[in-house]
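Colleague: Below are the sequence and a predicted model; questions follow.
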Amino acid sequence: MARSSSHAPAGLSWSTLYMILTLFFLSFAAVANALAYGPQKPLAETGIGSETSSSPPEDLATETELEDSNGTEPLGWTPPAETLQDLLDALNVMQDEYFVLWLGTWPSSIDWTAAVLGTHVAATLSAFSSRTFVVVEAEQSHDLSFSSFENTVNYFFSQTSTFYFGENAFSLRNQAYDDMLWVVLDWLENIKFQDLHSTLHYPTSNSSSNNTSSQAWYGTQFCDAAAHRARVFYELASAGWDKTLCNGGMIWNPSLTPYKNAITNELYISASISMYLYFPGDPIDAPFVANSPGNRAKRPHPHNPIHLNAAIDAYAWLKKSNMTSTGGLYADGFHISGWRGSSNPGSRKCDVLNTMVYTYNQGVVLSGLRGLWLATGDQDYLRDGHELVYKVLRATGWPQTTSLKWAGLGRGGVLEDTCDSRASCSQDGQTFKSIFFHHLAEFCRPLRPQEERFLANEKRQPAADEDWAQVFNRHLLRCRAYGPWVEHNARAALVTRDEDGKFGQWWGLPFPQLSVSSEIVNSSTLPPGAVDYRNDGFDADATTDGVWRDFNDRGRGRTVETQAGGVAVLRALLQWQTSDALS
């Protein structure tokens, strides 16, 4: 059971903050219940696009199939207020136990996982902010309740601001291209939250009123700094795009043998389209800037077509690359056969596939696909995303929630990496599931004011003579079918909490509730031809000495990365439970 923290912001107890925030969420409870138990349609009836070009494939599951394996009724939905409390607890433990304010970072993290942690904090604040605006507008003033809510948001946002200075930016400039792209996504997520919170709660006004509701939110003063870091790291990472090998694609690491892997290319897709949609421009001159462009006149502007074209080209390359493994999931990446150096590049083709499957390789591209649809109107991007989500659900064994059989990415409907049950996950591996749930939530997230302004300003013509709202609503309707699976995973994650509220890595343990034998622990298998280089060489036994209280104390045990997994899956659950757009 999660503990009650004694470190609430500004002297307020977390129970008090919980009660305050709950008031804002209660108005959505009825909607959430209606969504959870309302009429259901098969996914085949909620396809995106025209009947001829964008109907779902025949093998897509119906919403009825996405139920508990008993076949009686969908899994019960936790009341939003309870989910909110769990999410607040999870975030508070992550920040209270692992974040050090005077250092401006999570000292036990590594450079790239710290960027992911910052992304989770900003995304969670957006979830909090976006669920309160109806009540705040109805009150037409900032009373004590809203002030307390605002204090909570500002408490965590201030920590993300100190991370700007605590982040090891100089080291990251010289690391792999994927490391750089995590930084881009982090600070763009921070900007997205700044825009959302300011728009919803601090609408700008030409009025001379001194009411704070007519003034911009203080947090937006950090926008330029966040934008500058996102731009610099995006331009540095863009040097990884290479056409001399495999006819395109991002190279993983500039200093190692060429390896064109899924994660770097997916990050480049998502970062590129996010730069196109959310980058506000960069007015900062600094001595440490990327090589191109290097002066104010050429500095990139919002909605730069260069970013859009980069995302389009990168996804087209990835889709044609055949970088897939068992179950049609994305494999880890390609080597080039015969490579001996630039003077002897071998085949120049991506022809040696490492078939290893990781959870995060199925997630990062999802937010990119949503952004590509938003920018282009091409409904195939949404269709591709739903097909990938469907494959992930099936690879967890869903909807057979009591099956011990390893299905490729889990068992019993619970998402796992192959290292989870063995406790052989490295620090990298411990981060993967949180990344998947973050990008799944982004893929299925309702439109925000910033995106609505973009669509209005661009005056986009609906694709295939269909109304944008209708297309997007069908997309959200299909997303709705994933709700029971998201909750199933959130419940599994919650069971792993210890008495301090810290989440474990292996969520699959409580489903099913059976005694765990070595046969079960070792049942996760790698695809044929796979090399788990992300976790290879990690010896769980060497770290535990055989002494542990539960299965999640083995290996690296509970860490800030496993805590982030709890935060991410609970944030996703809250979105599914409270979004009136998922109807």
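Modeller: Perfect, thanks for sending it. Quantities reported herein were computed from a predicted structural model and do not represent experimental measurements.
Colleague: Setting aside sequence neighbours, what's the nearest residue to Tyr276?
Modeller: Nearest residue to Tyr276, sequence neighbours excluded (Cβ to Cβ, 6 or more residues apart in numbering): His307, at 3.9 Å. No exception for glycine: its C-beta is placed from N, CA and C like everyone else's.
Colleague: tell me the secondary structure for that neighbour?
Modeller: Of the three states, His307 takes helix under DSSP: H, G, I helix; E, B strand; the rest coil.
Colleague: Gly371 versus that one, what's the distance?
Modeller: 10 Å (Cβ to Cβ, to the nearest Å).
Colleague: Which helix or strand contains the nearest residue to Thr431 once chain neighbours are set aside?
Modeller: Nearest residue to Thr431 in three dimensions, chain neighbours excluded: Glu561, at 4.5 Å (Cβ to Cβ, 6+ apart). Taking DSSP states H and E as the criterion, Glu561 maps to helix 560-578.
Colleague: Tabulate the CA atom coordinates of that helix in CSV.
Modeller: The C-alpha coordinates for helix 560-578 follow below in CSV (Å, rounded to 0.1, in the frame of the first residue of the first chain):
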residue,chain,number,x,y,z
VAL,A,560,13.4,5.9,-10.2
GLU,A,561,12.9,4.3,-13.6
THR,A,562,10.5,1.7,-12.2
GLN,A,563,8.7,4.4,-10.4
ALA,A,564,8.3,6.3,-13.6
GLY,A,565,6.6,3.2,-15.0
GLY,A,566,3.9,3.5,-12.3
VAL,A,567,3.5,7.2,-13.0
ALA,A,568,3.1,6.7,-16.8
VAL,A,569,0.6,3.9,-16.7
LEU,A,570,-1.5,5.7,-14.1
ARG,A,571,-1.5,8.9,-16.1
ALA,A,572,-2.7,6.9,-19.1
LEU,A,573,-5.4,5.3,-17.0
LEU,A,574,-6.5,8.7,-15.7
GLN,A,575,-6.8,9.9,-19.3
TRP,A,576,-9.0,7.0,-20.3
GLN,A,577,-11.2,7.4,-17.3
THR,A,578,-11.8,11.1,-17.4
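Colleague: packing partners for it?
Modeller: Helices and strands touching helix 560-578, by 3 or more Cβ pairs under 8 Å, 6 or more residues apart in numbering; DSSP states H and E, are helix 14-37, helix 80-98, helix 111-130, helix 432-443, helix 483-495.
Colleague: related to what we said a few turns ago, I'd say the residue nearest to Thr431 and Gln427 touch.
Modeller: Yes: between Glu561 and Gln427 there is a contact under Cβ atoms under 8 Å: 6.2 Å.
Colleague: Overlap of the contact sets of those two?
Modeller: Counting by Cβ atoms under 8 Å, 6 or more residues apart in numbering, the residues touching both Glu561 and Gln427 are 109, 113.
Colleague: Those two: which is more packed in?
Modeller: Glu561 (30 against 18; other Cβ atoms under 10 Å).
Colleague: What is the burial count for Ser255?
Modeller: Around Ser255 there are 7 other residues, counting by other Cβ under 10 Å.
Colleague: what residues are up against Leu172?
Modeller: 111-112, 115, 179-180, 183, 233.
Colleague: ok, 6 Å please
Modeller: Leu172 sits next to 111, 179, 183 when contact means Cβ atoms under 6 Å, 6 or more residues apart in numbering.
Colleague: Now tabulate those residues in JSON lines and tack on pLDDT.
Modeller: JSON lines is the format used below for the contacts of Leu172 (pLDDT from 0 to 100):
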{"residue": "Asp111", "pLDDT": "97"}
{"residue": "Asp179", "pLDDT": "98"}
{"residue": "Val183", "pLDDT": "98"}
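Colleague: What subset of those residues is buried?
Modeller: For the contacts of Leu172, a neighbour count by 16 or more other Cβ atoms under 10 Å gives the buried set as 111, 179, 183.
Colleague: what's the closest of those to Val121?
Modeller: Val183 (14.5 Å; Cβ to Cβ).
Colleague: which phi and psi does Tyr202 have?
Modeller: phi -140, psi 60 (degrees, to the nearest 10).
Colleague: for Ala176, same thing?
Modeller: Residue torsions, per degrees, to the nearest 10, at Ala176 are phi -70, psi 160.
Colleague: just use 693 as the starting number from now, easier for me
Modeller: Got it, the first residue is 693 from now on, which makes the last one we talked about Ala868.
Colleague: Check the gap between the nearest residue to it once chain neighbours are set aside and Thr956 for me.
Modeller: Excluding its sequence neighbours, the residue lying closest to Ala868 (Cβ to Cβ, 6+ apart) is Asn945, at 4.1 Å. Distance of Asn945 to Thr956, computed by Cβ to Cβ: 9 Å.
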